[in-house]
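Novice: after the sequence you'll find the predicted model.
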Amino acid sequence: MKNHKHFYVLPLMVFAIAAFSFLNFTPIAQASITPALSPSATGDGDSVQIVVNGDANASVILYYTRINVGSEIAYIGTTNSSGYLSTVVSSSSYGIASYGAVHVTLGGISGISSPEASWPYITSTSTTTTTAISLSQTGLVLSVGSSSTITVNNSSSLYLSNNSNPSIANISLSGSTITVTANAEGSTVATVCVVGDSSNCASVYITVQASGTTALTFSVNNLTIANGNSASITISGGTGYYYVLSNSNSSIITTSINLSVITLTVNATSGSSSITVCSTNMTSCGIINATASSTVSSYISFSNTSPTISVGESTTVTVSGSSGGTYYISNNSNSGIVQATISDSTLNFYGLVNGTSIITVCSSLGSCGSATVTVSYSSSGGKLALSQTSLSLLVGQAVSVTISGGTTPYSLLASSDSIYQASINNNVLTVYGISSGLSTVWVCSSEGGCTSLSVTVNSSTSATTSQPYFSQNNISLNAGSSTTISIYGTGIFFIYNNSNSSVASATINGSTVIIYALSAGSTNVSICQGSSSYCSVLYITVVSTSSSSTATTTSNSSVSYFALSRYLGKGDSGDDVLQLQNALVKLGFLSATPTGYYGSATTTAVKNFQKNYSIKQTGNVGPSTKSALESLKISLTNDSSSTSTEDKIAELQALITSLTAQIIALSQ
């Protein structure tokens with residue numbers, strides 16, 4: 001039997017080594033090539049030779065400014081298998097002026113852009129004599145399977161000049177009406193022209209998102225902005241980060257995005273633009289329609305410039321002045337003290353915690369004003385706080401956050417919305433992801449005062465190509481100990497930042513991160529996948545061995561009892577996990593052989609224990625479960641420090657199962 005076991009272990013070890021080798025030699029996808037654009041005159045005074053080099057078999061879209069019209073785009077062809085395209089463009093047909101700035105993108109309007117180039121000198125001019133056509137909207141967001149119509153002004157005789165990506169949307173014309181039908185996720189540009197006048201054209205930017213996806217929402221989505229002024233708009237919904245997919249008239253209105261705020265700046269006295277904004281991977285999109293104006297307002301005022309409210313109380317203030325403009329909140333100096341919203345000319349304040357905040361409201365026509373809001377309350381429990389201020393999780397995933405300070409019992413302003421469900425058990429806040437999007441959970445103290453938790457919920461498909469997520473993101477360790485956390489996602493993971501490397505170090509091996517506790521304190525470790533745009537944070541607390549023993553047992557005379565120095569969850573490993581499994585075996589909740597790895601069997605056993613002791617069944621060992629286990633005084637004196645051959649085989653099988661799961665995750 002002894003030799004038989006050796007023959008049984010050997011092939012398992014070979015498989016594990018082969019799997020490990022596979023994980024460490026996964027090829028890295030090649031990045032897209034920045035395209036190069038070279039326009040040159042052909043000598044006839046009109047035609048321009050355009051040469052493009054970049055990615056192979058990619059559609060090429062030319063961006064240019066049409067004389068007396070503004071920014072336009074046109075599909076000019078597709079690169080060959082070597083990434084090369086050469087084509088000739090008529091300057092008069094497109095209305096492109098000499099020395100105008102042009103550039104191209106490859107792979108659609110959201111593709112990678114070339115540097116700008118100067119259009120060559122030409123002698124011909126456009127012969128257009130008809131009134132330029134215009135569209136009722138130049139940006140359109142649809143869901144797969146839906147359709148919409150656009151009206152063309154100043155012409156009833158049209159033809160479809162180009163559809164840059166016909167697989168995304170079908171375009172049909174009837175008189176002065178364009179009908180767009182969405183086929184697949186992505187983006188395309190449709191250009192229509194007047195019959196007999198190929199230079200009198202107009203384009204619409206079309207974005208198609210998944211069926212059933214909710215469009216982004218904006219604090220303002222139709223506004224007029226005075227020349228030389230800017231307006232800031234808050235974006236809500238979607239998953240991950242926001243970016244501008246298209247701007248139909250960037251020469252008039254420019255944009256910039258900082259987190260969830262987009263700022264529009266006007267550089268003209270007339271004209272309009274449709275700006276399409278999307279979240280990561282185009283999971284959700286929306287359109288802002290902005291118009292430039294020469295009118296500038298001179299003042300803005302409030303019915304009360306210094307309101308005082310209590311925690312949990314709300315009040316309204318009326319905004320006046322700047323007739324014809326749109327009011328928006330430009331800044332809230334302390335959003336953790338006062339929650340501020342605006343609807344038309346009514347400004348709403350809600351008191352959250354003790355303090356003062358300055359709310360600045362601006363008009364899109366240029367003027368601004370401020371109101372100072374004071375919130376007052378007292379608490380005997382100190383400042384209300386959460387163990388983290390932001391949270392990222394998947395649809396169907398539950399994550400717990402610890403509440404401290406204030407006065408118990410704690411409560412929620414709202415226990416759920418379309419994005420999350422939340423509940424409080426003593427001082428533990430548990431958030432459950434319902435659907436992808438961004439939201440905020442407000443936790444309040446019974447004596448008054450609230451604090452917020454920013455929540456990002458990713459769908460199981462979009463999360464793999466945006467921020468990574470972890471088996472556990474709140475880690476507590478004793479100095480000198482270590483733990484391993486599983487990372488979920490696709491691509492290559494790397495550590496972007498460690499806020500305090502003297503407290504803990506972190507290293508990544510494939511899809512796991514190993515945390516080594518060095519000294520007492522706290523640190524945040526940012527881990528990204530693919531690029532620094534897709535990151536999530538591990539929150540780590542280290543306690544000194546002088547104040548908290550690193551051992552997972554406590555001594556009482558000659559008897560050792562089960563105790564934990566940290567909270568545990570799926571994906572953790574170490575001696576404390578092994579002790580937990582031994583305790584669950586003794587209690588009859590776990591039948592599998594303890595391995596020291598917190599897997600599915602341990603999760604199920606913990607849930608059964610929680611059910612038996614009327615604890616919320618999360619499958620993680622949090623404060624309530626840890627307390628219940630330790631209160632049972634489970635003796636560890638019978639635990640063996642040695643490991644049998646059968647246990648080693650079980651551990652190896654657990655390793656193989658873990659490696660296989662990682663291989664499957666990487667291959668998806």
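Specialist: Nice, I can see it. Residues are numbered from 1 along each chain as shown.

Novice: what does the helix or strand Ile329 falls within contact?
Specialist: Element membership of Ile329, judged by DSSP states H and E, is strand 327-332. Contacts of strand 327-332 with the rest of the structure, by Cβ atoms under 8 Å, 6 or more residues apart in numbering, involve 219-220, 223, 231-234, 300, 319, 338, 340-342, 344-345, 347, 357-364, 368. Where you see a C-beta, it was placed from the backbone N, CA and C, and this is true even at glycine.

Novice: now stretch 502-522
Specialist: 23-24, 470, 475, 477-489, 493-495, 498, 500, 523, 525, 527, 538-544, 547, 662, 665-666.

Novice: how far away is Ser176 from Thr149?
Specialist: The gap separating Ser176 from Thr149 is 10 Å, by Cβ to Cβ, to the nearest Å.

Novice: the two: who's more crowded?
Specialist: Ser176 (17 against 13; other Cβ atoms under 10 Å).

Novice: test my guess that that one contacts Leu158.
Specialist: Yes: using Cβ atoms under 8 Å, Ser176 makes contact with Leu158 at a distance of 7.2 Å.

Novice: anything in contact with each of these two?
Specialist: Joint contacts of Ser176 and Leu158 (Cβ under 8 Å, 6+ apart) are Val152.

Novice: name the nearest residue to Phe470, ignoring sequence neighbours.
Specialist: Closest residue to Phe470 apart from its sequence neighbours, by Cβ to Cβ, 6 or more residues apart in numbering: Ile485 at 5.3 Å.

Novice: using CSV, write out every CA atom in the host helix or strand of that neighbour.
Specialist: In the assignment (DSSP H and E), Ile485 maps to strand 482-488. Output in CSV follows, covering the C-alpha atoms of strand 482-488 (Å, rounded to 0.1, in the frame of the first residue of the first chain):
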residue,chain,number,x,y,z
SER,A,482,1.0,36.5,6.2
THR,A,483,-2.1,35.6,4.1
THR,A,484,-3.0,34.9,0.5
ILE,A,485,-5.9,36.6,-1.2
SER,A,486,-7.4,35.5,-4.6
ILE,A,487,-7.8,38.0,-7.4
TYR,A,488,-10.6,37.6,-9.9
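
Novice: contacting residues around it?
Specialist: 463-464, 468-473, 475, 477, 493, 508, 511-517, 527, 529, 538, 566, 570-574, 665.

Novice: next one: it to chain centre, how far?
Specialist: Mean-position distance between strand 482-488 and its chain equals 22 Å (Cα atoms, centre = their mean, to the nearest Å).

Novice: repeat for stretch 177-187
Specialist: Distance of stretch 177-187 from its chain centroid, counting by Cα atoms, centre = their mean, is 26 Å.

Novice: do the same with stretch 286-303
Specialist: With Cα atoms, centre = their mean, you get 30 Å for stretch 286-303.

Novice: give the rounded mean pLDDT of that stretch.
Specialist: Stretch 286-303 shows a mean pLDDT of 78.

Novice: and it, which residues are buried?
Specialist: Within stretch 286-303, the residues scored as buried using 16 or more other Cβ atoms under 10 Å are Gly286, Ile287, Ile288, Asn289, Ala290, Thr291, Ala292, Ser293, Ser297, Ile300, Phe302.

Novice: stretch 184-202 now?
Specialist: So stretch 184-202, judged by 16+ other Cβ under 10 Å, has buried residues 185-194, 197, 199-202.

Novice: also stretch 505-520?
Specialist: Ser505, Ala506, Gly510, Ser511, Thr512, Val513, Ile515, Ala517, Leu518, Ala520.

Novice: between the residues you listed, which is nearest Ser435?
Specialist: Ser511 (25.9 Å; Cβ to Cβ).

Novice: just the pLDDT for Thr483.
Specialist: At Thr483, the pLDDT value in this model is 85.

Novice: adding secondary structure and distance to Leu85, write the buried residues of stretch 286-303 out as CSV.
Specialist: Shown next, in CSV, are the buried residues of stretch 286-303 (DSSP: H, G, I helix; E, B strand; the rest coil; distance: Cβ to Cβ, whole Å):
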residue, secondary structure, distance to Leu85
Gly286, strand, 33
Ile287, strand, 31
Ile288, strand, 33
Asn289, strand, 34
Ala290, strand, 34
Thr291, strand, 37
Ala292, strand, 35
Ser293, strand, 41
Ser297, coil, 49
Ile300, coil, 52
Phe302, strand, 58
